[in-house]
Every structure is written in C-alpha cells, then in structure tokens.
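Trainee: got a structure for you, letters missing:
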C-alpha cells in the first residue's frame, strides 16, 4: 500500500508555502505516505494544504498525544481526534496512532470504558479511520506486549544504524534494547511497521565520521543513503519516515528508497560486523551498567561516558559535545574520591577518563 519512503512532517520548513511545495513535490515523484501529529504545531494544517485536491494519492497518518497530557481524559482524546480531522480537512485518516504510548497506558486507561479504544473502534466501524496504530519509545519487551493485545494494525518505532546494536541508544538505553526484536514480532503478526529516526534524529549527519564512512559500499552514495537503505533492508520494515526540508532532500531520499533490494546480503552483513566491532570498542570504555552511581558529587558518570563514546567510538563529536554540555554537573566536578572506581565491575580508570572526557568535550 505505502511507498518505502514516507514523509515525516514533524519539522517542516519555517516558510509555510515552501513546506507545502516540498510535500507536494514528494507526492509528484510518487511518494504516498505522510505522517503528522496533533502535537506538531501547525503541521496538520500544512499537510492538509499539501494534500488538498489530492487526497486519494495519499495514505495519511496522524497521532493523538492526549494520553501524554497531565489532564488526560477520554474527552481530551475525542477532542484531539476531532481537531485532527478539522486541521487536515479530511473525513478519513488512514493510519490513526496513539502517540508515544507506554505499555502501562495501553494496559490501563486506553482500555477504560468509553475510552480511546472504544472511541477508535467506533471510528473504525464508521470508516473514519482505516487502521488503528500506535507509536512508542517504550522498551522492546513492552512494545511486544502492546503488539500482543491485538488492538493494532501497525506501529511507529525508532530504528537506525546507530541504535540497532549500540550500548547507548537515543535515550541512554543499554545493550539489548534495540527495537529489532519488536519489529520482527510485529512482522510475524502481520503488522505494518513505520520507522522514525532512520538517520538517528540527525546524529548520523553530524560531522563526517570516518567510522561511518567505512560502512559505505560501492552502491551506497552517502551516509543518509546508507542509513535509509540499512533500515529498509530489515524485512519487518514497511516504510521509513524521513523529515525532509528541501526539494533536494526529497529527491535524494526517494532515490535511496527506490532500490528493489536496499542492500545486498553481503553489504548488510559487513555493516553489522562493523557495528559489532565498534560496540566492543565502546564496551572498553563503559557498558552503561551504572554501578558507579550514585556519585557523591551527583555526576551522571554513565551519561558523560555515553557522550564520550559518541566522540571516541563513533566520531560523532558535535553530537557528543551537545550531550556533554547539557550534563550538570559535568566531569569537572570530580574530586577524585575513587568511590566509582571501587564499584566498577569493568575496572575502568574512571577518574582518568572523566578528565579525558572533559578535555575533549568541553570545548
């Protein structure tokens, strides 16, 4: 049903007319999936403008974030649903998502009498929505529980090269929290899977790291090209959602997604082998076990080393510095008490590495 490349409309160009032009260019070139959300500012309104008179060309996806709100109620869910239809200017939404939900929410308030599940079931029966779906940043184990409820036809989860086998993912997750098992489980249950963050939320674009350049093959032309094709090579992935701010990005990404076979089996194996090699290198510095915490100076040592791994292992120095500068207190607060080193099961010279981290990332 959907093209391999979907248009993620979370961050659109500031020039609203140009944003509409970019989305229409995506449709002109054969793309047919646009994903937005009630919470994305005026994104739904701009998507509505882009698809005006072209509704039948588009598989339209949006998200209801009411369950994230402190004032959540079934009435708020219904209000956001009605607002989405009005903003988009449509009478049908193909993929309607419960936005960034947790297993706790789905197993609780989502199923309450007259709650979101019943509201959506009625909308399904009336043809207002085509498929009930969800998006989530919960653990893979909990995402699989959500899949097993049988309520949903599809999902949106994060998946990319950087997080696929990495000890530290986008939210500081430890090894084993990659969404690969959840994607496979969804595929086994005949669910559609859209991927958010295929280029790691822009992290793969920060700088020109040698480590990622080494993954390029004869058929991959750039890191974004590699990133999209790597994700699409996973048989459980139905489509990737890419935020595209220019006409050039639309054309480049559609070219990347148009390959009948995103990567050869040999290319896919080579990339995974390199990822695992860098993983082992990351573990030499820190496995994220957090036995070093709490620190008497209230430093988040594992978070500091997460940033250092981005710099030292992956070469993503700009991203590493942005993480480090958000940490307070940072490594400069160390008084060399040695408590962390006594508790570290890897016998990492933490004090020395904190000094190295501050020197490398505080610039």
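Mentor: Perfect, I can see it now. The structure presented is a predicted model; accordingly, all values stated were derived computationally and were not measured.
Trainee: please make it C-alpha for all contacts and neighbour counts, starting now.
Mentor: Noted.
Trainee: now residue 247, nearest residue through space, not along the chain?
Mentor: residue 22 (5.4 Å; C-alpha to C-alpha, 6 or more residues apart in numbering).
Trainee: residues near that neighbour, how many?
Mentor: 23 (other C-alpha atoms under 10 Å).
Trainee: pretty sure it sits against residue 243.
Mentor: No. Taking contacts as C-alpha atoms under 8 Å, residue 22 lies outside contact range of residue 243: 10.7 Å.
Trainee: give the rounded mean pLDDT of the host helix or strand of the residue nearest to residue 247.
Mentor: Assessed by DSSP states H and E, residue 22 sits inside helix 16-28. Mean per-residue pLDDT for helix 16-28: 98.
Trainee: next: stretch 238-256.
Mentor: On average, stretch 238-256 scores 95.
Trainee: now swap in stretch 219-230 and tell me
Mentor: On average, stretch 219-230 scores 84.
Trainee: please identify the buried residues of the helix holding residue 22?
Mentor: 19, 20, 21, 22, 23, 24, 25, 26, 27 (16 or more other C-alpha atoms under 10 Å).
Trainee: what does stretch 72-87 give?
Mentor: Going by 16+ other C-alpha under 10 Å, stretch 72-87 has these buried residues: 73, 74, 76, 77, 78, 80, 81, 84, 85, 87.
Trainee: then stretch 309-329?
Mentor: In stretch 309-329, counting by 16+ other C-alpha under 10 Å, buried: 309-321, 323-325, 329.
Trainee: what do you get for stretch 291-310?
Mentor: For stretch 291-310, by 16+ other C-alpha under 10 Å, it's 291-293, 299-310.
Trainee: so how far does that stretch reach from one end to the other?
Mentor: 21 Å (C-alpha to C-alpha, to the nearest Å).
Trainee: likewise stretch 56-70?
Mentor: End residues of stretch 56-70 are separated by 36 Å (C-alpha to C-alpha).
Trainee: for stretch 25-35, same thing?
Mentor: So stretch 25-35: terminal residues 16 Å apart, C-alpha to C-alpha.
Trainee: quick one: that stretch to chain centroid distance?
Mentor: 20 Å (C-alpha atoms, centre = their mean, to the nearest Å).
Trainee: what's near enough to touch residue 310?
Mentor: 316, 317, 319, 320 (C-alpha atoms under 8 Å, 6 or more residues apart in numbering).
Trainee: so where's the stretch 51-200 of the chain uncertain?
Mentor: Applying pLDDT under 70 to the stretch 51-200 of the chain flags the ranges 163-177, 200.
Trainee: all helices for it, in order.
Mentor: 74-88, 103-107, 116-125, 140-148, 161-164, 180-188 (DSSP state H, counting those that start in this stretch).
Trainee: give me whichever of those helices is most buried.
Mentor: helix 161-164 (a mean of 22; mean count of other C-alpha atoms under 10 Å).
Trainee: residue 70 versus the closest residue in space to residue 74 that isn't next to it in sequence, what's the distance?
Mentor: Leaving aside its sequence neighbours, residue 74 sits nearest to residue 115 (C-alpha to C-alpha, 6+ apart; 4.9 Å). Separation of residue 115 from residue 70 (C-alpha to C-alpha) stands at 16 Å.
Trainee: more neighbours: which of the two?
Mentor: residue 115 (17 against 7).
Trainee: returning to what we had before: any chance of the buried residues of helix 16-28 in TSV, plus distance to residue 337?
Mentor: TSV is the format used below for the buried residues of helix 16-28 (distance: C-alpha to C-alpha, whole Å):
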residue	distance to residue 337
19	54
20	57
21	59
22	56
23	56
24	60
25	59
26	57
27	60
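Trainee: among these, which one sits closest to residue 220?
Mentor: Residue 220 lies nearest to residue 26 out of the buried residues of helix 16-28, by C-alpha to C-alpha, at 21.6 Å.
Trainee: list the contacts of the closest one.
Mentor: Counted by C-alpha under 8 Å, 6+ apart, residue 26 has contacts 7, 32, 247, 250, 251.
Trainee: burial measure for the nearest residue to the second one once chain neighbours are set aside, as a count.
Mentor: In this case it means residue 32. Spatial nearest neighbour of residue 32, excluding adjacent residues (C-alpha to C-alpha, 6+ apart): residue 58 at 4.6 Å. Residues contacting residue 58 under the criterion other C-alpha under 10 Å number 17.
Trainee: who's in contact with residue 58?
Mentor: By C-alpha under 8 Å, 6+ apart, the neighbours of residue 58 are 27, 32, 33, 34, 51.
Trainee: what kind of secondary structure is the fourth one in?
Mentor: The one in question is residue 34. strand (DSSP: H, G, I helix; E, B strand; the rest coil).
Trainee: just checking, it touches residue 10?
Mentor: No. Residue 34 lies out of contact with residue 10 (C-alpha under 8 Å); the separation is 10.3 Å.
Trainee: those two - which one has more neighbours?
Mentor: Remark: of residue 34 and residue 10, residue 34 carries more neighbours, 24 against 19, as counted by other C-alpha under 10 Å.
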